[in-house]
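Enquirer: quick one: sequence and predicted model below, then my questions.
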Amino acid sequence: MVIFLKELVSIVLATYKPNEDFLVRQLKSLNAQTYRNIELIVCDDSADNKEYKKIFKIVKENITNFPFSVYKKIWVVIKRLKYYLL
């Protein structure tokens, strides 16, 4: 059975001082998804301003098929989602 979703799927990618190569591989895999009603939310609890800018740049370079947001704290993300699974 094939299910055609029209709902927005929010993918939350929680990181803590991520390995850059691994993060790029994750992002490229997400960017290759065929379902297009996706938003990516990246949050890194370790992020100071320098780390935040680095993560934002990596995400911006690798996510081109759907919108994304980058946050420093996960609680900011959780309070805006309708449903979530941790």
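Expert: Received, thanks. None of the values given here were measured: they were computed from a predicted structure.
Enquirer: name the SS class of Gln33, please.
Expert: coil (DSSP: H, G, I helix; E, B strand; the rest coil).
Enquirer: neighbours of it, how many?
Expert: If you count neighbours by other CB atoms under 10 Å, Gln33 ends up with 13. (Each C-beta comes from the backbone N, C-alpha and C, glycine too.)
Enquirer: next: the one 5 residues further on.
Expert: Under the neighbour criterion other CB under 10 Å, Ile38 is assigned a count of 17.
Enquirer: that one contacts Ile63, doesn't it?
Expert: No: taking contacts as CB atoms under 8 Å, Ile38 lies outside contact range of Ile63: 9.6 Å.
Enquirer: what touches both of those two?
Expert: Listed as contacting both Ile38 and Ile63 by CB atoms under 8 Å, 6 or more residues apart in numbering are Leu30.
Enquirer: strands of the protein, residue ranges please.
Expert: Along the chain, counting by DSSP state E, strands occupy 9-15, 38-44, 68-71.
Enquirer: and Asp44, how many neighbours?
Expert: Neighbours around Asp44, by other CB under 10 Å: 23.
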